[in-house]
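Colleague: what would the 3D arrangement of this be:
(chains A and B)
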Amino acid sequence: MSTRSALIAASVLAMASAVAFAAESPNLGRVATPEEIAAWDISIGPDGVGLPPGGGTPKQGEAVYAARCVACHGEKGAGKPNDQLVGGQGTLPGDKPPVKTVGSFWPHATTVFDYVRRAMPYNESKSLNNDEVYAVVAYILNLNGIIADNDTMDAQTLRKVKMPNRDGFVTFSRGK
Amino acid sequence: MATNRSTVHGSDLDTVAGNGLLHRRMFLTAGTAAAAAVASATLPNPAAADALPVEPWMKVPGSGFVGYGQPSKFESKVARTFASLPGTTGTGAARTPHHLLDGMITPNGVHFERSHSGIPDINPDTHRLLIHGLVKRPLVFTLESLGRYPRESRVAFLECGGNGQLLYQKEPAPVGVQAIHGLVSCAEWTGVKLSVLLQEAGVDPKAKWILAEGADAAGMSRSIPVAKAMDDALIALYQNGERVRPSNGYPMRLLLPGYEGNMNVKWLRRIKLTEGPTMTKDETSKYTITLPDGKSLQFVLPQEGNSVITLPSPGLTMKGPGLYEISGLAWSGYGRVTKVEVSADGGKSWARAALQPPVLSKALTRFRIPWRWNGGPAVLQSRATDETGYVQPTREKMIAARGNRTIYHSNAITTWAVSDKGEVKHVYA
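Modeller: Numbers count the residues shown, from 1 in each chain, chains lettered A, B, ... in the order given. This next block holds a predicted model:
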């Protein structure tokens, strides 16, 4: 074998082993079952896919809010000691500090459901049932004038809610 | 611009910028006449020299071994400062005391922390990582199974999207580097490349984003472009050689070098491949930059080029005129820091600082420059440039571009004023 062909053979071998190596992976994950995934997958995107069964009205939500939310978020979502949930529409442009609430700022109603279900109430997160989450979301949306008093929020209606600041976001691009 | 010239022992030492900044290599040129002259010029007054006692600890054996070492009891001031939201104990931030540290690595005990519902007490044996969504095979990993994967280490800074937010205030906050820039830290992170796990799961080409979710009570979650996940994202298991600290995501966190701290999800339990971003609470109602026209910039992912002088800085009083080293930290989420300039005259003139090796992409970089303080007022600033050519802006320029009605992604030049008494204060200049 000439030096040149030996080099070629060596490089072909090296390539072959590199390919074989790249294909190797420990593969130590076990396949998750649909039931396991359903129990863990609590994120809800703007399309509303995965919203659970159940529903609630602003009136039902008022009772949930009084029992579980008012201590941190104030009467009718006015805020204090923690985040204000209601009001602030029209305050985003200008020189004064913007008042950012669910009504003035949040672009998607699905995010309110997602966040309340996963993280609220602060001291007992994930303790509200789906009806209670839908109801309290309905209450906050109603206080903000986004849905009517008798509207029910459920998997079909929530995803169709158009938030006032839905078009208020621009994806950042460096240098612009 | 008047040039400061000094003659020490008959040797001219040219300043390279106004108000006493010296060439960055001056301390390194040992053996030259200049260095020798400086060394003799800065010797303390022999009349004030301390006695040289034989101390008690030189005469009896010291204390014994301990399992996990702690800093000297004389260093108790080297601690984080922190605040929590009303009615909470672990929702808020703890800040790194950069004015009391040196080098580029932040010790684990003082690495900054931002948490949204306290620190969960996670049992590593029962913790699971689920990868699902737009994949061929949804997979569950235990910590033990991840431990058998090839690991790699990466030195990376983490910076909260809210670091530096005090610079948006109309008046300069009367605080120091810990309050202003304590939400950035840097560690060597070791773990498993996320791309390896995603390849095993088989990513559907329709998937353009991942959702990463923590196992804390807030289920903190963020959307991240798949391209970043496949590039340099790491499932970090170790922090500076030991298991990731609970406050930083034990037993595993996502590390996205250069990206906004909040996206580096701690206590990682779930990754879901999705077509679009999930629009979580923390990428819509928070961590967005509201502009004067009312629109808000969203998905501001890498942290911008930034720097701050840590020595001297507020709380560290200068002790008389003479030679000092100005030192600080610079970083960019877009790559390496290529240049740091320092000014002692409020930005009228600049001198190039030395960058201390190693200078790593998306890591804190330590800079140093010698300064002969003449005992008069001085206004100290640092300005970083990164490998993309981006230059850290002045505060005026940053606010002109985006207003001051946000708390996120401040990267403006920070200014310290030194008084003729040697006191250092935060000012705007």
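Colleague: tell me the phi and psi of the residue most central in space within chain A?
Modeller: Of all residues in chain A, the one closest to the mean position by C-alpha atoms, centre = their mean is A:Thr111, 4.1 Å from it. When read as degrees, to the nearest 10, the backbone of A:Thr111 gives phi -70, psi -40.
Colleague: isn't it up against B:Glu283?
Modeller: No. The criterion here is C-beta atoms under 8 Å, and A:Thr111 misses it with B:Glu283 at 9.1 Å. Using the backbone N, CA and C atoms, a C-beta is placed for each residue, glycine as well.
Colleague: quick one, strands of the stretch 201-350 of chain B?
Modeller: In the stretch 201-350 of chain B, the segments counted as strands under DSSP state E, counting those that start in this stretch are B:209-214, B:221-225, B:234-239, B:242-243, B:253-255, B:268-274, B:289-290, B:296-298, B:306-311, B:322-331, B:337-343.
Colleague: remind me what the fifth one packs against, helices and strands.
Modeller: Meaning strand B:253-255. strand B:152-159, strand B:234-239 (3 or more C-beta pairs under 8 Å, 6 or more residues apart in numbering or on different chains; DSSP states H and E).
Colleague: can you check the last one too?
Modeller: Using 3+ C-beta pairs under 8 Å, 6+ apart as the contact criterion, the neighbours of strand B:337-343 among helices and strands are strand B:306-311, strand B:322-331, strand B:351-352, strand B:354-355, strand B:365-373, strand B:378-386.
Colleague: do you know how far the closest residue to chain A within the stretch 101-250 of chain B is from B:Ile131?
Modeller: Residue nearest to chain A within the stretch 101-250 of chain B: B:Leu139 (3.1 Å; C-beta to the nearest C-beta). B:Leu139 sits 5 Å away from B:Ile131, going by C-beta to C-beta, to the nearest Å.
Colleague: interface residues of the stretch 201-350 of chain B facing chain A?
Modeller: Within the stretch 201-350 of chain B, the positions adjacent to chain A are B:201, B:211, B:213, B:217-219, B:221, B:269-270, B:272, B:274, B:276-281, B:284-285, B:288-290, B:292-302, B:334 by C-beta under 8 Å from any C-beta of the partner chain.
Colleague: select only the buried ones of those in ChimeraX?
Modeller: To isolate the buried ones among those in ChimeraX, judged by 16 or more other C-beta atoms under 10 Å in any protein chain shown, type:
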select /B:201,211,213,217,218,219,221,269,270,272,274,277,278,279,280,281,284,285,288,289,290,295,296,297,298,299,300,301,302,334
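Colleague: before we move on, the earlier item: touching both of B:Leu139 and B:Ile131, which residues are there?
Modeller: A:Gly29, B:Leu197, B:Ala201 (C-beta atoms under 8 Å, 6 or more residues apart in numbering or on different chains).
Colleague: show me what contacts A:Ile44?
Modeller: Contact partners of A:Ile44, counting by C-beta under 8 Å, 6+ apart, are A:Gly50, A:Leu51, A:Thr110, A:Thr111, A:Phe113, A:Asp114, A:Arg117, B:Thr278.
Colleague: show the pLDDT at B:Thr15.
Modeller: What the model reports as pLDDT for B:Thr15 is 86.
Colleague: circling back: could the strands of the stretch 201-350 of chain B be laid out in CSV, adding mean pLDDT?
Modeller: CSV is the format used below for those (pLDDT from 0 to 100):
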stretch, mean pLDDT
strand B:209-214, 98
strand B:221-225, 98
strand B:234-239, 98
strand B:242-243, 98
strand B:253-255, 98
strand B:268-274, 98
strand B:289-290, 97
strand B:296-298, 98
strand B:306-311, 98
strand B:322-331, 98
strand B:337-343, 98
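Colleague: right, and these - which one's nearest B:Leu380?
Modeller: strand B:306-311 (5.5 Å; C-beta to C-beta).
Colleague: can you put the shared contacts of B:Leu139 and B:Ile131 in JSON lines and add pLDDT and distance to B:Ala417?
Modeller: JSON lines is the format used below for those (pLDDT from 0 to 100; distance: C-beta to C-beta, whole Å):
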{"residue": "A:Gly29", "pLDDT": "97", "distance to B:Ala417": "56"}
{"residue": "B:Leu197", "pLDDT": "98", "distance to B:Ala417": "50"}
{"residue": "B:Ala201", "pLDDT": "98", "distance to B:Ala417": "55"}
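Colleague: of those, closest to B:Thr106?
Modeller: Among these, and counting by C-beta to C-beta, the member closest to B:Thr106 is B:Leu197, at 27.3 Å.
Colleague: residue contacts, the closest one?
Modeller: A:Gly29, B:Ile131, B:Leu139, B:Phe141, B:Tyr149, B:Ile235.
Colleague: relative orientation of the strand or helix carrying it and strand B:234-239 in degrees?
Modeller: Element membership for B:Leu197, per DSSP states H and E: helix B:194-201. Relative orientation of helix B:194-201 and strand B:234-239, computed by axes from the mean of the first three to the mean of the last three C-alpha atoms, to 10 degrees: 130 degrees.
Colleague: now do the contacts for residue 98.
Modeller: The chain I'm using is chain A. Neighbouring residues of A:Pro98 by C-beta under 8 Å, 6+ apart: A:Gly88, A:Thr91, A:Leu92, A:Ser104, A:Phe105, B:Thr290, B:Gly294, B:Arg405.
Colleague: correction: the question concerned chain B.
Modeller: By C-beta under 8 Å, 6+ apart, the neighbours of B:His98 are B:Val177, B:Gln178, B:His181, B:Gly182, B:Val308, B:Thr310, B:Ser313, B:Leu329.
Colleague: hmm, 10 Å instead?
Modeller: Counting by C-beta atoms under 10 Å, 6 or more residues apart in numbering or on different chains, B:His98 makes contact with B:106, B:110, B:112, B:176-178, B:180-182, B:184-185, B:308-311, B:313, B:328-329, B:364.
Colleague: and for A:Val64?
Modeller: Counted by C-beta under 10 Å, 6+ apart, A:Val64 has contacts A:56, A:116, A:121, A:128-129, A:131-139.
Colleague: ok, 8 Å please
Modeller: Counting by C-beta under 8 Å, 6+ apart, A:Val64 has contacts A:Gly56, A:Leu128, A:Glu132, A:Ala135, A:Val136, A:Tyr139.
Colleague: sort out for me which of these are in helices.
Modeller: Among these, the members found in helices (DSSP state H) are A:Glu132, A:Ala135, A:Val136, A:Tyr139.
Colleague: wait, which of those is closest to B:Val265?
Modeller: When these are compared against B:Val265 (criterion: C-beta to C-beta), the nearest one is A:Val136, at 25.8 Å.
Colleague: all helices of the chain, in order?
Modeller: Using chain A here. Under DSSP H, chain A gives helices at A:3-23, A:34-40, A:58-68, A:70-73, A:109-119, A:130-143.
Colleague: not quite, I wanted chain B
Modeller: B:33-41, B:143-146, B:177-181, B:194-201, B:226-231, B:281-284, B:395-402.
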